[in-house]
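>>> let me see the structure of the following:
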Amino acid sequence: MKTGVVIHGCNLHIENWRHVAWGDPPNRIGRMPHGIVVAQQFDAAVIVMGTGASSEPFHFGEQPDDDVELPEAEYSLRYLNEFFQDTAEFDSVKKQLGSADSPEFSKARDLLLSRIVLDLKSQNTVEEIFNAAEIFLERDVERVILVSSPSHVVRALRDATDIFARDSRFARYQNNVLASPSVTCYEGSTPADVVVIEPPHRPDRHVLPTHRRIQRMLDLQKMSGDELVSLIEDFDQLLQRYEHRFYRGQKR
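Numbers count the residues shown, from 1 in each chain. Got it, this is the predicted structure:
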(Lines give C-alpha, C1' and ligand atoms only; values in the text may rest on other atoms or scores of the structure.)
Protein backbone atom coordinates (compact mmCIF):
# COMPACT_ATOMS: atom_id res chain seq x y z
CA MET A 1 0.00 0.00 0.00
CA LYS A 2 1.49 3.33 -1.09
CA THR A 3 2.02 5.46 2.01
CA GLY A 4 2.32 9.18 2.64
CA VAL A 5 3.67 10.59 5.89
CA VAL A 6 2.90 14.03 7.31
CA ILE A 7 5.52 15.35 9.71
CA HIS A 8 3.56 18.13 11.34
CA GLY A 9 5.24 21.49 11.60
CA CYS A 10 6.19 22.99 14.95
CA ASN A 11 5.91 26.74 15.47
CA LEU A 12 9.44 28.10 15.57
CA HIS A 13 8.65 30.49 18.41
CA ILE A 14 7.43 27.97 20.97
CA GLU A 15 9.43 27.37 24.12
CA ASN A 16 12.27 24.89 23.52
CA TRP A 17 11.54 24.22 19.84
CA ARG A 18 14.51 21.88 19.49
CA HIS A 19 13.23 19.60 22.26
CA VAL A 20 9.78 19.27 20.68
CA ALA A 21 10.82 19.05 17.04
CA TRP A 22 14.07 17.10 17.46
CA GLY A 23 14.15 15.53 20.92
CA ASP A 24 16.86 14.28 23.24
CA PRO A 25 18.76 11.08 22.36
CA PRO A 26 18.70 8.21 22.83
CA ASN A 27 15.04 7.67 23.71
CA ARG A 28 13.16 10.98 23.80
CA ILE A 29 12.63 11.29 20.09
CA GLY A 30 10.99 14.38 18.59
CA ARG A 31 8.75 14.90 15.57
CA MET A 32 11.31 15.04 12.78
CA PRO A 33 13.49 12.02 13.58
CA HIS A 34 10.38 10.00 14.52
CA GLY A 35 8.89 10.95 11.16
CA ILE A 36 12.01 9.51 9.54
CA VAL A 37 11.55 6.26 11.48
CA VAL A 38 7.91 5.96 10.40
CA ALA A 39 8.72 6.81 6.78
CA GLN A 40 11.41 4.13 6.71
CA GLN A 41 9.17 1.56 8.40
CA PHE A 42 6.38 2.01 5.87
CA ASP A 43 8.60 2.79 2.88
CA ALA A 44 6.76 6.09 2.45
CA ALA A 45 6.51 7.30 -1.14
CA VAL A 46 5.96 10.90 -0.03
CA ILE A 47 6.86 12.80 3.14
CA VAL A 48 5.14 16.16 3.60
CA MET A 49 6.59 18.73 5.96
CA GLY A 50 4.61 21.89 6.82
CA THR A 51 3.88 24.76 7.49
CA GLY A 52 4.42 28.42 6.74
CA ALA A 53 2.80 29.63 9.94
CA SER A 54 6.03 30.94 11.49
CA SER A 55 9.49 31.99 10.31
CA GLU A 56 12.93 32.45 11.82
CA PRO A 57 16.52 33.04 10.65
CA PHE A 58 18.50 29.81 10.57
CA HIS A 59 21.19 30.03 13.25
CA PHE A 60 22.73 26.58 12.87
CA GLY A 61 25.56 25.27 10.73
CA GLU A 62 28.85 26.81 9.67
CA GLN A 63 27.25 29.69 7.75
CA PRO A 64 24.12 30.78 9.59
CA ASP A 65 21.79 33.10 7.70
CA ASP A 66 21.23 35.72 10.37
CA ASP A 67 19.24 38.03 8.11
CA VAL A 68 17.19 35.56 6.06
CA GLU A 69 14.01 34.31 7.68
CA LEU A 70 12.94 30.85 6.62
CA PRO A 71 9.31 29.69 6.79
CA GLU A 72 8.62 26.89 9.24
CA ALA A 73 8.68 23.94 6.82
CA GLU A 74 11.83 25.13 5.04
CA TYR A 75 13.55 25.83 8.35
CA SER A 76 12.67 22.33 9.59
CA LEU A 77 13.94 20.65 6.43
CA ARG A 78 17.18 22.59 6.57
CA TYR A 79 17.60 21.56 10.21
CA LEU A 80 16.97 17.95 9.26
CA ASN A 81 19.50 18.16 6.43
CA GLU A 82 22.08 19.81 8.66
CA PHE A 83 21.82 17.24 11.44
CA PHE A 84 20.56 14.12 9.71
CA GLN A 85 23.62 12.13 10.78
CA ASP A 86 22.70 12.87 14.39
CA THR A 87 19.38 11.08 14.05
CA ALA A 88 21.35 7.86 14.48
CA GLU A 89 21.84 8.87 18.12
CA PHE A 90 18.21 7.85 18.66
CA ASP A 91 17.78 4.14 19.32
CA SER A 92 14.71 3.80 17.09
CA VAL A 93 16.46 5.51 14.16
CA LYS A 94 19.52 3.30 14.50
CA LYS A 95 17.26 0.24 14.54
CA GLN A 96 15.57 1.28 11.29
CA LEU A 97 18.40 2.94 9.36
CA GLY A 98 21.55 1.48 10.91
CA SER A 99 24.51 3.31 12.45
CA ALA A 100 25.48 6.70 11.05
CA ASP A 101 28.65 5.39 9.40
CA SER A 102 26.99 2.47 7.62
CA PRO A 103 26.22 2.31 3.88
CA GLU A 104 22.62 1.45 4.74
CA PHE A 105 22.23 4.69 6.66
CA SER A 106 23.60 6.81 3.82
CA LYS A 107 21.36 5.09 1.29
CA ALA A 108 18.28 5.54 3.48
CA ARG A 109 19.18 9.18 4.14
CA ASP A 110 19.40 10.06 0.46
CA LEU A 111 16.20 8.21 -0.39
CA LEU A 112 14.16 9.70 2.43
CA LEU A 113 15.31 13.27 1.83
CA SER A 114 14.50 12.92 -1.86
CA ARG A 115 10.89 12.08 -0.98
CA ILE A 116 10.23 15.16 1.15
CA VAL A 117 7.79 17.75 -0.17
CA LEU A 118 7.40 21.10 1.58
CA ASP A 119 4.08 22.79 2.27
CA LEU A 120 4.79 26.48 2.83
CA LYS A 121 1.20 27.70 2.43
CA SER A 122 -0.70 26.18 5.35
CA GLN A 123 -1.18 28.29 8.48
CA ASN A 124 -2.72 25.74 10.83
CA THR A 125 -3.21 22.01 11.34
CA VAL A 126 -6.39 21.78 9.27
CA GLU A 127 -4.80 23.47 6.26
CA GLU A 128 -1.66 21.38 6.74
CA ILE A 129 -3.60 18.11 6.51
CA PHE A 130 -5.76 19.31 3.63
CA ASN A 131 -2.73 20.43 1.59
CA ALA A 132 -0.90 17.18 2.34
CA ALA A 133 -3.94 15.16 1.25
CA GLU A 134 -3.99 16.97 -2.10
CA ILE A 135 -0.30 16.18 -2.58
CA PHE A 136 -0.98 12.54 -1.71
CA LEU A 137 -3.82 12.34 -4.24
CA GLU A 138 -1.54 13.64 -6.97
CA ARG A 139 0.95 10.89 -6.12
CA ASP A 140 -1.66 8.12 -5.80
CA VAL A 141 -1.00 7.58 -2.08
CA GLU A 142 -3.42 5.13 -0.45
CA ARG A 143 -2.54 5.43 3.26
CA VAL A 144 -1.81 8.51 5.39
CA ILE A 145 0.28 8.53 8.57
CA LEU A 146 0.32 11.62 10.78
CA VAL A 147 3.42 12.21 12.91
CA SER A 148 3.38 14.77 15.69
CA SER A 149 3.82 15.27 19.42
CA PRO A 150 1.59 13.35 21.86
CA SER A 151 0.14 16.70 22.92
CA HIS A 152 -0.92 17.49 19.33
CA VAL A 153 -1.40 14.28 17.38
CA VAL A 154 -4.85 13.53 18.85
CA ARG A 155 -6.24 16.77 17.44
CA ALA A 156 -4.44 16.16 14.14
CA LEU A 157 -6.17 12.79 13.84
CA ARG A 158 -9.54 14.38 14.60
CA ASP A 159 -8.97 17.05 11.95
CA ALA A 160 -7.85 14.47 9.39
CA THR A 161 -10.87 12.22 9.87
CA ASP A 162 -13.17 15.24 9.57
CA ILE A 163 -11.48 16.46 6.38
CA PHE A 164 -11.48 13.01 4.79
CA ALA A 165 -15.16 12.52 5.63
CA ARG A 166 -16.30 15.88 4.27
CA ASP A 167 -14.33 15.94 1.01
CA SER A 168 -15.26 13.05 -1.29
CA ARG A 169 -11.89 13.30 -3.06
CA PHE A 170 -10.22 12.02 0.12
CA ALA A 171 -12.66 9.15 0.76
CA ARG A 172 -9.89 6.58 0.25
CA TYR A 173 -8.16 7.87 3.39
CA GLN A 174 -11.15 7.60 5.74
CA ASN A 175 -10.22 4.09 6.82
CA ASN A 176 -6.55 4.42 5.96
CA VAL A 177 -5.29 7.15 8.27
CA LEU A 178 -2.95 6.40 11.18
CA ALA A 179 -1.39 8.60 13.83
CA SER A 180 2.07 7.98 15.29
CA PRO A 181 3.18 10.12 18.25
CA SER A 182 6.75 11.13 18.94
CA VAL A 183 7.89 11.12 22.57
CA THR A 184 8.44 14.83 23.23
CA CYS A 185 5.52 17.09 24.11
CA TYR A 186 5.17 20.85 24.26
CA GLU A 187 7.34 22.25 27.03
CA GLY A 188 5.91 21.58 30.47
CA SER A 189 3.13 19.30 29.23
CA THR A 190 2.41 15.58 29.11
CA PRO A 191 -0.03 13.46 27.08
CA ALA A 192 -2.32 13.47 30.13
CA ASP A 193 -2.73 17.26 29.77
CA VAL A 194 -4.64 16.82 26.51
CA VAL A 195 -8.39 17.18 27.04
CA VAL A 196 -10.75 15.27 24.75
CA ILE A 197 -14.44 16.18 24.90
CA GLU A 198 -16.55 13.57 23.11
CA PRO A 199 -20.19 14.08 22.21
CA PRO A 200 -22.38 12.39 24.85
CA HIS A 201 -23.20 8.81 23.93
CA ARG A 202 -23.57 6.66 27.05
CA PRO A 203 -27.14 6.12 28.27
CA ASP A 204 -25.98 5.90 31.89
CA ARG A 205 -24.58 9.44 31.79
CA HIS A 206 -25.97 12.88 30.98
CA VAL A 207 -26.86 13.71 27.37
CA LEU A 208 -26.18 17.44 27.60
CA PRO A 209 -24.11 18.73 24.64
CA THR A 210 -21.20 19.87 26.81
CA HIS A 211 -18.76 19.54 23.90
CA ARG A 212 -20.55 22.27 21.97
CA ARG A 213 -20.17 24.74 24.83
CA ILE A 214 -16.48 23.94 25.15
CA GLN A 215 -16.05 24.33 21.39
CA ARG A 216 -17.72 27.76 21.53
CA MET A 217 -15.27 28.79 24.22
CA LEU A 218 -12.28 27.56 22.20
CA ASP A 219 -13.53 29.48 19.17
CA LEU A 220 -13.03 32.67 21.17
CA GLN A 221 -9.28 32.19 21.53
CA LYS A 222 -8.68 34.74 18.78
CA MET A 223 -10.04 37.54 20.97
CA SER A 224 -7.63 40.15 22.24
CA GLY A 225 -5.45 39.14 25.16
CA ASP A 226 -7.32 41.27 27.70
CA GLU A 227 -10.72 39.95 26.60
CA LEU A 228 -9.49 36.37 26.72
CA VAL A 229 -8.14 36.86 30.23
CA SER A 230 -11.54 38.23 31.29
CA LEU A 231 -13.28 35.22 29.74
CA ILE A 232 -11.02 32.78 31.59
CA GLU A 233 -11.48 34.64 34.88
CA ASP A 234 -15.27 34.68 34.49
CA PHE A 235 -15.27 31.00 33.55
CA ASP A 236 -13.07 30.15 36.51
CA GLN A 237 -15.46 31.96 38.86
CA LEU A 238 -18.38 29.97 37.44
CA LEU A 239 -16.48 26.69 37.84
CA GLN A 240 -15.54 27.52 41.40
CA ARG A 241 -19.19 28.19 42.29
CA TYR A 242 -20.30 24.79 40.97
CA GLU A 243 -17.23 23.00 42.31
CA HIS A 244 -18.13 24.36 45.75
CA ARG A 245 -21.61 22.88 45.48
CA PHE A 246 -20.40 19.57 44.07
CA TYR A 247 -17.55 18.91 46.49
CA ARG A 248 -19.56 20.13 49.45
CA GLY A 249 -22.27 17.65 48.49
CA GLN A 250 -19.71 14.87 48.15
CA LYS A 251 -18.67 15.29 51.77
CA ARG A 252 -22.15 14.77 53.13
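>>> the residue nearest to residue 223 when sequence neighbours are not counted: neighbouring residues, count only.
Spatial nearest neighbour of residue 223, excluding adjacent residues (C-beta to C-beta, 6 or more residues apart in numbering): residue 231 at 7.0 Å. C-beta: built from backbone N, CA, C; applies to glycine. Other residues near residue 231 come to 14 when the count uses other C-beta atoms under 10 Å.
>>> now do the SS call for residue 231.
helix (DSSP: H, G, I helix; E, B strand; the rest coil).
>>> how much space separates the most centrally placed residue in the chain from residue 168?
For the chain, the residue nearest the mean C-alpha position is residue 148 (3.2 Å; C-alpha atoms, centre = their mean). Distance of residue 148 to residue 168, computed by C-beta to C-beta, to the nearest Å: 26 Å.
>>> the nearest residue to residue 185 once chain neighbours are set aside: what's it in contact with?
For residue 185, the nearest residue in space outside its immediate sequence neighbours is residue 151; the separation is 4.1 Å by C-beta to C-beta, 6+ apart. Residue 151 is in contact with 185, 186, 189, 190, 191, 193, 194, counting by C-beta atoms under 8 Å, 6 or more residues apart in numbering.
>>> of all the residues you listed, which comes closest to residue 250?
residue 193 (24.6 Å; C-beta to C-beta).
>>> and the pLDDT at that closest one?
pLDDT recorded at residue 193 is 91.
>>> quick one: neighbours of it, just the number.
Quick note: residue 193 (other C-beta under 10 Å) scores 11 neighbours.
>>> quick check, pLDDT for the nearest residue to residue 41 once chain neighbours are set aside.
Excluding the flanking residues, the one nearest residue 41 by C-beta to C-beta, 6+ apart is residue 96, at 6.2 Å. The per-residue pLDDT reported for residue 96 equals 96.
>>> try the one 3 residues further on
The model reports residue 99 with a pLDDT of 96.
>>> can I take it that it is in a strand?
No. Looking at residue 99 with three-state DSSP, it is coil, so not inside a strand.
>>> isn't it up against residue 93?
No. Taking contacts as C-beta atoms under 8 Å, residue 99 lies outside contact range of residue 93: 9.8 Å.
>>> by neighbour count, which of the contacts of residue 151 wins?
residue 185 (21 neighbours).
>>> which element is that one on?
Using DSSP states H and E, residue 185 sits in no helix or strand.
>>> quick one: it from residue 9, how far?
As judged by C-beta to C-beta, residue 185 and residue 9 stand 16 Å apart.
>>> one more: residue 42?
20 Å.
>>> the stretch 51-200 of the chain: helices as residue ranges?
In the stretch 51-200 of the chain, the helices defined using DSSP state H, counting those that start in this stretch lie at 72-83, 91-97, 103-114, 125-138, 150-166.
>>> and residue 225, what pLDDT?
Looking at residue 225, its pLDDT reads 87.
>>> can you get me a residue count around it?
Should you count by other C-beta under 10 Å, residue 225 turns out to have 7 residues around it.
>>> please tell me how far it sits from residue 50.
Counting by C-beta to C-beta, the gap from residue 225 to residue 50 is 27 Å.
>>> so where is the protein shaky, pLDDT-wise?
By pLDDT under 70, the weakly predicted segments of the chain are 61-66, 251-252.
>>> try 80 this time
Applying pLDDT under 80 to the chain flags residues 60-67, 202, 205-207, 249-252.
>>> what about the residue nearest to residue 185, distance to residue 23?
Distance, residue 151 to residue 23, using C-beta to C-beta: 14 Å.
>>> ok, residue 29 touching residue 90?
Yes. Here residue 29 reaches residue 90: they are 4.9 Å apart, a contact under C-beta under 8 Å.
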